[in-house]
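Asks: kindly return the folded structure for what I paste below:
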Amino acid sequence: MTSTAGAVKALEGMRLTEIRRIVNMVVVVFRPDDGVDHTIHAQCSFRAVHGDVILIGSRDMNWPKPGVDRAVAFEDFTTMYDVRSESLTSSFAEGDYRVTGTGIGPGGLLAVEAVHGSDSIRLEIMPDSSGPKVESWRLFAVGTADEHHVYPPAAGRD
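Replies: Model (predicted):
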């Protein structure tokens with residue numbers, strides 16, 4: 001059984017390929033050279049930064065595109081989050097963004113650094129619930145029965 005820290009470290013060398021959402025849950029996909037995709041599902045605060053600029057944040061799901069009703073934008077996947085995630089995913093397809101660093105910090109802060117040439121993007125997933133059984137994020141290999149690494153570890157247990 002791999003530790004959560006080991007599973008996060010195993011992302012190093014994989015390609016960052018996609019950022020999207022399922023309802024209000026952030027989805028980030030990583031692709032190894034061989035094997036199955038890995039994904040992080042975040043149900044807490046998330047952002048992708050380039051230097052000091054926030055490229056996308058989970059609260060962008062609350063912003064509709066100009067001229068679109070907020071509820072309609074959320075249901076139709078036309079929020080600013082959706083616009084920005086589509087743009088970033090296109091950038092990932094054009095470039096070879098490789099994970100060069102990962103880490104889990106205090107309180108479950110998860111950080112992933114991906115680099116393409118001199119361009120760097122840092123993903124930060126920041127748990128924001130004090131509930132010890134409230135899931136903030138999980139990491140798993142897509143389409144396998146392998147273990148899911150969940151933060152906090154007590155989430156989903158009775």
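
Asks: centre of the chain to whichever strand or helix holds residue 71, how far?
Replies: Here residue 71 is covered by helix 70-76, with elements defined by DSSP states H and E. In terms of CA atoms, centre = their mean, to the nearest Å, the centre of helix 70-76 is found 21 Å from the chain centre.

Asks: so which residues make contact with that helix?
Replies: 24, 61, 62, 63, 64, 65, 68, 78, 79, 82 (CB atoms under 8 Å, 6 or more residues apart in numbering). C-beta coordinates here come from the backbone N, C-alpha and C atoms, glycine included.

Asks: so which of these comes closest to residue 149?
Replies: Lowest distance from residue 149 to the contacts of helix 70-76 (CB to CB) belongs to residue 24, with 21.1 Å.

Asks: please tell me I have it right and the closest one contacts residue 61.
Replies: Yes: Residue 24 lies in contact with residue 61 (CB atoms under 8 Å); the separation is 5.9 Å.

Asks: of these two, which one has the most company?
Replies: residue 61 (23 against 11; other CB atoms under 10 Å).

Asks: and the next element down the chain from the helix holding residue 71?
Replies: helix 80-94.

Asks: mind exporting that next one as CSV, just the C-alpha atoms?
Replies: Output of helix 80-94 as CSV, limited to C-alpha atoms (Å, rounded to 0.1, in the frame of the first residue of the first chain):
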residue,chain,number,x,y,z
MET,A,80,-15.1,32.0,-16.0
TYR,A,81,-13.7,28.8,-14.4
ASP,A,82,-14.8,26.8,-17.5
VAL,A,83,-13.4,29.5,-19.9
ARG,A,84,-10.1,29.5,-18.1
SER,A,85,-9.9,25.7,-17.6
GLU,A,86,-10.5,25.2,-21.4
SER,A,87,-7.7,27.7,-22.2
LEU,A,88,-5.3,26.1,-19.8
THR,A,89,-6.1,22.6,-21.1
SER,A,90,-5.4,23.8,-24.6
SER,A,91,-2.0,25.2,-23.4
PHE,A,92,-1.2,21.8,-21.9
ALA,A,93,-2.0,20.1,-25.2
GLU,A,94,0.3,22.4,-27.1
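
Asks: buried ones among the contacts of helix 70-76?
Replies: Buried subset of those (neighbour count, 16 or more other CB atoms under 10 Å): 61, 63, 64, 79, 82.

Asks: strands of this structure, start to end?
Replies: 15-22, 25-31, 38-42, 45-50, 53-57, 98-104, 110-116, 119-126, 137-141, 149-151 (DSSP state E).
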